[in-house]
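K.L.:
structure for the following, please:
(one chain, ligands or ions: 4)
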Amino acid sequence: MIADLHTHSYYSDGYLSPKDLIQAASKSDCTHLALTDHDSVLGLKEANEFAKLSGIKFINGVEVSTKLNNLSLHVVGLGINPKSDSLLDGLDTNNRHRVERAKKISEGLQIAGIEEPLIEAKKFSKTKNITRTHFAQMLVKKGICPNVQSVFKKFMTGNKPGAVKGEWIEASEAIHQIHEAGGLAVLAHPFRYKLTLSKLKKIIISLKNLGLDGLEIVNSFSTTEETYLIKNIADENHLLYSFGSDFHGWPNQNIKIGGIPKFDYGDNLILDRL
Ligand code: AMP
Ligand code: MN
Ligand code: MN
Ligand code: MN
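P.N.:
Ligands and ions are numbered 1, 2, ... in the order given. Predicted coordinates for the structure are as follows:
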């Protein structure tokens, strides 16, 4: 079994169409795949169709942008019904915010001397869904930064000109909406929020109290030490294990679909509950 429960298509900030994503998964011998676009379920129909043709077991997913107190957290929904009104309502709220946020990011970048940032970033998105990745890819292509990571550092985090706080839906709402859609809610990439271990544990307990079902134990960025740390936190809080590459597929990224470190998931594997 090679499963990947966290991937993106061009319906959010990935590069590939759902069809091409399935093809890439197939080439990497994936047996199970979830498409988890940021705040979007628009790619799921196409992905389902092509997964059927290629024999991959496909899981409907979404990665919801949320806030908890002052933090932006990503909650992945797996096994969701993409037609759920409750879920669609939350995604709609986030996407309306995303449009306003993109304008503010653009204004900030313009002050930093970049011309027509929003118009230029839109050229990198196949949909109306404009993410920071699209701004980042645009700035790399223009030669303003050498890579995407450096754009985030120089322009889009902390107090930099293009940093705009995400006013996303509450984590509690996202978890509730994922459940209403028949799915399971997972905290994405727990170590990417740059929290101390004790703060991370507190956040996870808060999320568990809000109904969270699982944690991403392994992704493309996690170290062996992080995996064991987070597995212990999952065990302490009776949370399921999920895992995924967070594949985005841009030509300048070298993350492989299905390319997550092998790990013994035992009985707590979320895949068995989907
Ligand atoms: P947004 O949903 O618009 O806030 O964009 C978030 C996306 O930007 C994430 O899902 C990542 O794909 C990407 N991203 C965030 N931080 C970084 C970073 N430091 N380096 C590269 N990509 C990043
Ligand atoms: Mn992304
Ligand atoms: Mn994420
Ligand atoms: Mn992701």
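K.L.:
okay, now the domains of this protein?
P.N.:
What the record gives for the chain is the domain set 3-91+170-273, 93-155, from automatic domain parsing.
K.L.:
what residue in this protein comes nearest to ligand 3?
P.N.:
Nearest to ligand 3 in the chain, going by CB to the ion, is His74, at a distance of 3.7 Å. (Each C-beta comes from the backbone N, C-alpha and C, glycine too.)
K.L.:
so which strand or helix has that residue?
P.N.:
With the criterion set as DSSP states H and E, the secondary-structure element containing His74 is strand 71-78.
K.L.:
show the contacting residues for the closest residue to the residue of the chain closest to ligand 3 other than its chain neighbours.
P.N.:
Nearest non-adjacent residue to His74, counting by CB to CB, 6 or more residues apart in numbering: Ala188, 3.9 Å away. By CB atoms under 8 Å, 6 or more residues apart in numbering, the contact list for Ala188 reads His6, Glu63, Leu73, His74, Val75, Val76, Glu216, Asn219, Asp246.
K.L.:
let's go with 10 Å and repeat that
P.N.:
Ala188 makes contact with 5-6, 36, 63-64, 73-76, 215-216, 219, 242, 244, 246 under the criterion CB atoms under 10 Å, 6 or more residues apart in numbering.
K.L.:
just the C-alpha atoms of stretch 37-55, please, in CSV.
P.N.:
Only the C-alpha atoms of stretch 37-55 are listed here, as CSV (Å, rounded to 0.1, in the frame of the first residue of the first chain):
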residue,chain,number,x,y,z
ASP,A,37,-7.2,21.6,-2.0
HIS,A,38,-7.2,24.7,0.2
ASP,A,39,-10.8,25.7,0.8
SER,A,40,-12.0,24.0,-2.4
VAL,A,41,-13.8,20.8,-3.4
LEU,A,42,-14.0,21.8,-7.1
GLY,A,43,-11.3,19.3,-8.2
LEU,A,44,-12.9,16.2,-6.6
LYS,A,45,-15.3,15.2,-9.4
GLU,A,46,-12.6,15.1,-12.0
ALA,A,47,-10.2,13.3,-9.6
ASN,A,48,-12.8,10.7,-8.8
GLU,A,49,-13.4,10.0,-12.5
PHE,A,50,-9.8,9.5,-13.3
ALA,A,51,-9.0,7.6,-10.1
LYS,A,52,-11.7,5.1,-11.1
LEU,A,53,-10.0,4.6,-14.5
SER,A,54,-6.6,4.1,-13.0
GLY,A,55,-7.7,1.8,-10.2
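K.L.:
does ligand 1 sit close to that stretch?
P.N.:
Yes: using CB under 6 Å from any ligand atom, we find that stretch 37-55 touches ligand 1 at His38.
K.L.:
give me the buried positions along that stretch.
P.N.:
Of the residues in stretch 37-55, those buried under the neighbour-count criterion (16 or more other CB atoms under 10 Å) are 37-44, 46-48, 50-51.
K.L.:
and whatever residue of the stretch 1-150 of the chain ends up closest to ligand 4, helix, strand or coil?
P.N.:
With CB to the ion, the shortest gap between the stretch 1-150 of the chain and ligand 4 falls at Glu63, namely 4.8 Å. Under DSSP: H, G, I helix; E, B strand; the rest coil, Glu63 falls in the strand class.
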